[in-house]
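> Fold the following.
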Amino acid sequence: MLDLIILSIHYFICILISIAIWRGPKEVDLHPSSTETAETGPDGLICIGKEENIKKSGRITAKIDGREIVVFYHEGKFHAMDSRCYHEGGPLCRGDIEDIDGQACIVCPWHKFKITLETGEGLYEGINPLEPSPTPKWQSKGVKQRIHKVTIDNGNVYVCPPDLSVSFDSDYFAEKYKIGGEAAMKK
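This is a model prediction of the structure:
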């Protein structure tokens with residue numbers, strides 16, 4: 001009888017461990033970035049925040065018509081893009097910025113996809129098998145991430161609303177998170 005009780009307890013503990021592994025660890029925000037409520041400014045531009053505050057934090061997220069964007073301040077320049085990676089919807093606001101072949105790139109924290117801050121191009125390291133001794137080189141997949149134009153006026157940072165007549169791969173996850181937030185991505 002004691003064996004049956006021990007076996008039942010062992011089985012119960014295994015189930016609890018399996019559930020904990022299946023649910024996975026909670027994400028921790030390693031890069032503090034506040035989320036701002038965007039306000040409309042001159043010429044239909046959306047005010048994201050104060051220039052000084054964004055320079056201090058290095059990045060900030062904001063919502064424009066429910067669409068979350070991230071604004072980075074890196075090496076003296078502001079860059080804005082959809083906050084969810086085009087590949088699987090990873091939170092770019094939590095990614096590290098790396099220099100790749102002279103281009104500042106955000107690295108998605110989920111799958112390490114690299115996206116240029118300037119153009120939104122996805123980069124990958126590939127080889128040309130036709131070369132005698134192929135060496136890996138960084139190449140472009142094309143523009144994958146929606147970039148938003150940034151304007152600075154009177155100490156405020158403004159972003160142009162997106163032109164949705166042109167589509168980008170990141171639009172899929174921007175809409176998914178816009179509609180249902182984190183719950184939209186749970187399987």
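
> And the lowest mean pLDDT element among the helices and strands of the protein?
strand 35-37 (a mean of 50; mean pLDDT, DSSP states H and E).

> Quick one: residues contacting the residue of the chain positioned farthest from its centre.
Relative to the centre of the chain, the most outlying C-alpha is that of residue 1, 54.6 Å out, by C-alpha atoms, centre = their mean. By C-beta atoms under 8 Å, 6 or more residues apart in numbering, the contact list for residue 1 is empty. Where you see a C-beta, it was placed from the backbone N, CA and C, and this is true even at glycine.

> what separates it from residue 150, distance-wise?
Using C-beta to C-beta, to the nearest Å, residue 1 is found at 71 Å from residue 150.

> for residue 4, same thing?
67 Å.

> More neighbours: these two, which one.
Counting neighbours by other C-beta atoms under 10 Å for residue 4 and for residue 150 shows that residue 150 has the greater number, 19 against 8.

> quick one, helices of this structure?
For the chain, applying DSSP state H gives helices covering 2-23, 51-57, 171-180.

> Quickly, which of those bottoms out on average pLDDT?
Looking at these, the lowest mean pLDDT belongs to helix 2-23 (a mean of 72).

> so where is the chain shaky, pLDDT-wise?
16, 18-42, 180-187 (pLDDT under 70).

> Correct me if wrong: residue 151 contacts residue 47.
No - using C-beta atoms under 8 Å, residue 151 is not in contact with residue 47, being 9.9 Å away.

> what is in contact with the two at once?
157, 158.

> Where do the strands of this structure begin and end?
Along the chain, counting by DSSP state E, strands occupy 35-37, 39-40, 46-50, 59-64, 67-74, 77-82, 96-100, 103-107, 114-116, 121-126, 137-143, 147-148, 150-153, 156-159.

> From the chain's centroid, how far away is the longest one?
When you say that, I think you mean strand 67-74. The chain centre lies 9 Å from the centre of strand 67-74; the measure is C-alpha atoms, centre = their mean, to the nearest Å.

> elements contacting it?
Judged by 3 or more C-beta pairs under 8 Å, 6 or more residues apart in numbering; DSSP states H and E, the packing partners of strand 67-74 are strand 46-50, helix 51-57, strand 59-64, strand 77-82, strand 156-159, helix 171-180.
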